[in-house]
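Chemist: here is a sequence together with a model predicted from it:
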Amino acid sequence: MSNPRPRGLPKYLHVADYLRAQIDDGTYLPGERLPTEPELMDTFPYDRATIRRGLAVLRNEGLITSEQGRGVFVRDATKTRYDLMSMLITDPSHPAKPDAAYHQPPRGPDDGISVEHSYEVIAAGEKLGEAFELDPRSELLSTTYTFFISGDTAEYRTTAYIPYPLVIDTPLATPTDDWPQPPIKDLLATVGVKVTTVAMDIESRMPTPQETYDLQIPDGTPVLSDRRRFLADDRVVCITDSVGVADRIVYGLDLKLQ
């Protein structure tokens, strides 16, 4: 083996470091199968338990996936770049044109992206009630879109909350289009609400169990979540909570300097 174990490095981390370097340098490309455990035992003078422990490190980092009966494969984590400036003025389902260095999956109901859409009227509860400065028993319209690449790989989910009295008896209260509607600020304008401020907070964190299930997130893979508050003067009129798989998303900011 051309990569001897550094002194003091645990054997299982040696396996993980060696394979990680080969993934990083393109020896094994996304979707390709890694050597089997017996093949790795021929490469490393270690037992099967050590090999498996090294693979578990990469699996927990979200670099590889295991398929029963087929083997271990490099996970495809192609990134999409979203421009923050555009995201503040458009709906998250309509991302800005990405940087050329990043792959942009097709965006449209007929070109490779499928969408799951649901809406319901819910009680605000303590946390959303506090964010809206409403009684926790107040009703909110909750609308959720989940986006899937090629019909099976979830990439992004966004939920918008609007005080129900703002939209009751309007088309906004019963969305019928499975594909995302125009930006939130434009939708609210149709019912006489003018958004004057958009505040956005982004954080990286580990996913909740429900997010792990909904977005099919591999073990050890964090998410990027953002919350946006849409204000009409000083009143919060909409909150959106969005979450995406962190190793598929890059948030960028392009500013023209005078």
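Modeler: Done, it's in.
Chemist: please report phi then psi for residue 240.
Modeler: Reported as degrees, to the nearest 10, the phi and psi values for residue 240 are phi -120, psi 130.
Chemist: and residue 12, by the same measure?
Modeler: Backbone geometry at residue 12, expressed as degrees, to the nearest 10, gives phi -70, psi -30.
Chemist: off-centre distance for stretch 32-45?
Modeler: 32 Å (C-alpha atoms, centre = their mean, to the nearest Å).
Chemist: now do that stretch, average pLDDT.
Modeler: Across stretch 32-45, the average pLDDT comes to 92.
Chemist: burial check on residue 24, number of neighbours?
Modeler: Neighbour count of residue 24, defined by other C-beta atoms under 10 Å: 10. Placement of C-beta: from N, CA and C, glycine included.
Chemist: from residue 136, how far off is it?
Modeler: Relative to residue 136, residue 24 is positioned 48 Å away (C-beta to C-beta, to the nearest Å).
Chemist: repeat for residue 66
Modeler: Applying C-beta to C-beta, the value for residue 66 to residue 136 is 43 Å.
Chemist: now swap in residue 43 and tell me
Modeler: With C-beta to C-beta as the criterion, residue 43 and residue 136 are 59 Å apart.
Chemist: show me where the stretch 51-200 of the chain has its helices.
Modeler: Secondary structure of the stretch 51-200 of the chain, counting by DSSP state H, counting those that start in this stretch: helices at 84-87, 125-132, 164-167, 184-189.
Chemist: which residues does the longest one contact?
Modeler: Residues outside helix 125-132 that contact it (C-beta atoms under 8 Å, 6 or more residues apart in numbering) are 124, 134, 135, 136, 137, 138, 140, 161, 163, 229, 236, 239.
Chemist: max pairwise distance over these: which two?
Modeler: Maximum pairwise distance in the contacts of helix 125-132, criterion C-beta to C-beta, is 20.9 Å, between 137 and 229.
Chemist: more neighbours: these two, which one.
Modeler: Between residue 137 and residue 229, counted using other C-beta under 10 Å, the more crowded position is residue 229 (16 against 9).
Chemist: which secondary structure element contains that one?
Modeler: If you go by DSSP states H and E, residue 229 is part of strand 223-232.
Chemist: on that earlier part again, just the contacts of helix 125-132: which are in strands?
Modeler: Of these, the ones assigned to strands by DSSP state E are 140, 161, 163, 229, 236, 239.
Chemist: so which of these wins on neighbours?
Modeler: Counting neighbours by other C-beta under 10 Å, the top entry in these is residue 140, with 25 neighbours.
Chemist: just the buried residues of the strand holding residue 229, please?
Modeler: For strand 223-232, burial by neighbour count (16 or more other C-beta atoms under 10 Å) applies to 223, 224, 225, 226, 228, 229, 230, 232.
Chemist: ok, stretch 120-127 next?
Modeler: Result for stretch 120-127 [16+ other C-beta under 10 Å]: buried residues residue 124.
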